[in-house]
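Engineer: What follows is a predicted protein model with its sequence.
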Amino acid sequence: MIALNVFGPALKYRLDLLKYSSYDVRQYVHILTDKISYEKFYQEFHSDYNFVFVEDYMSNYELSMKYEIIPNVFNDEEDHFENSQSFYEKNNTWFSFDIHRFIFPYFISKGIKKFVIIDSDLILTNNLDTIIEFFNTQSEKIFYSPMLGHLFDLESKENFWNDLEIEWLKNEIKFPTDIPNFDGWIRGFNFETIEDADLFFNLWNKSYLTLLDKKNHSISKNGEGPLIWSNEWVFATCVYIFCNHFSYNYENEISMNPGTVYLPNNKTKYFGIHCPRPEDNLFHKLSKYVDKNGVERYPSRGAWYDYSFDYDCKKTISSFIQKNKNELEKYYKNYVYNSFKIDITDTHVLTKLNTQ
């Protein structure tokens, strides 16, 4: 099964694209969202996808309700783009990337042991047989996600993990120096039992919420608009601990740069391609800036600026597309060379995989 999360009016665009690119595999797709976003913006997809409401699960955890504030107060996409940063500043928090972990209790309740959590900018294949083969050819008892360097400063974090008081962590944890870190845009799981899935969720959930509450270690953040709690080291360390205790393995060579996810038994057959989308990332600073340390930085994804996108437009997806059709066509053609069928309208950059 496949899970992805969307919140707020601007993310309706991602559901439009998902329906266009991979409608034939919809029975495998589950959308994690909140009830307000669904009622106000996503109901037209009610017969296409299975929607799972995050409040049904995060409400069981006081710290989640305190820190993982859902961006469901915006009226339209312009409001969403313009006011996300002030919304999080007012609430003294950031968007929680790992909120997608709450698909776990839903899948567990359905007896589902094989699944992936993906970002909504991963363009899936439209071939159902390929999706089925992808899951059926994964190794047993495995986690899989792309490599994102290695974890560092683990010695200073040992007390953090040892203080969690996880029942099955009987012995003091000592870490090696070469634990791989995993990128967050696809996280794959193949559990031997539902009980194992539940144990892993509880480890991930408790460690993540403890970090947000105590803030006694560095907390990563992405973006220059609405900042994001994005702590890949927490998830990666959970994977290492779980593998070490329960004889699971992890695989980090599931994709080829910059984001092509292939089948375990066939590198010419694609599950999907991760492709960040310039046209619907209008939350962030639009020009270079100097940070508090005096370092000149590009906003969000600096590579986009190679295409000289024109941001002098209304902060809506359609306005940006209409200003930048030629540049967007170049971007998607070059991102993974000639991998997409592209149809650019006044409102959408429609993309499908060429290799179906």
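Structural biologist: Sure, I can see it. It should be emphasised that the depicted structure is a prediction, and the values quoted were computed from it without experimental measurement. Residues are numbered from 1 along each chain as shown.
Engineer: pLDDT value on the residue nearest to the spatial centre of the chain, please?
Structural biologist: The chain has Asp119 as the residue nearest its centroid, 3.5 Å off, counting by C-alpha atoms, centre = their mean. On pLDDT, Asp119 comes in at 94.
Engineer: Can you pull the phi/psi pair for the closest residue to Asp312 other than its chain neighbours?
Structural biologist: Leaving aside its chain neighbours, Asp312 sits nearest to Lys323 (7.3 Å; criterion: C-beta to C-beta, 6 or more residues apart in numbering). Glycine gets a C-beta too; all of them are placed from N, C-alpha and C. Dihedral angles of Lys323 (phi, psi; degrees, to the nearest 10) stand at phi -80, psi -20.
Engineer: so who does the closest residue to the residue nearest to the centre of the chain other than its chain neighbours touch?
Structural biologist: The spatial neighbour of Asp119 that comes closest, neighbours along the chain excluded (C-beta to C-beta, 6+ apart), is Trp185 at 4.1 Å. Residues in contact with Trp185 (C-beta atoms under 8 Å, 6 or more residues apart in numbering) are 118-119, 121-122, 146, 259, 274.
Engineer: would JSON lines of those residues with secondary structure and distance to Leu328 be doable?
Structural biologist: Listed next are the contacts of Trp185 as JSON lines, based on DSSP: H, G, I helix; E, B strand; the rest coil; distance: C-beta to C-beta, whole Å:
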{"residue": "Ile118", "secondary structure": "strand", "distance to Leu328": "22"}
{"residue": "Asp119", "secondary structure": "coil", "distance to Leu328": "19"}
{"residue": "Asp121", "secondary structure": "coil", "distance to Leu328": "14"}
{"residue": "Leu122", "secondary structure": "strand", "distance to Leu328": "18"}
{"residue": "Pro146", "secondary structure": "coil", "distance to Leu328": "25"}
{"residue": "Gly259", "secondary structure": "coil", "distance to Leu328": "18"}
{"residue": "His274", "secondary structure": "strand", "distance to Leu328": "17"}
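Engineer: from the residues you listed, which two are the most distant?
Structural biologist: Spatial extent of the contacts of Trp185 (C-beta to C-beta) is set by the pair Asp121 and Pro146 at 14.0 Å.
Engineer: Looking at the two, which is more packed in?
Structural biologist: Remark: of Asp121 and Pro146, Pro146 carries more neighbours, 23 against 20, as counted by other C-beta atoms under 10 Å.
Engineer: Tell me the secondary structure at the residue nearest to His348 when sequence neighbours are not counted.
Structural biologist: The spatial neighbour of His348 that comes closest, neighbours along the chain excluded (C-beta to C-beta, 6+ apart), is Asp16 at 6.1 Å. Under DSSP: H, G, I helix; E, B strand; the rest coil, Asp16 falls in the helix class.
Engineer: count of residues packed around Asp16?
Structural biologist: Neighbour tally, Asp16, other C-beta under 10 Å: 16.
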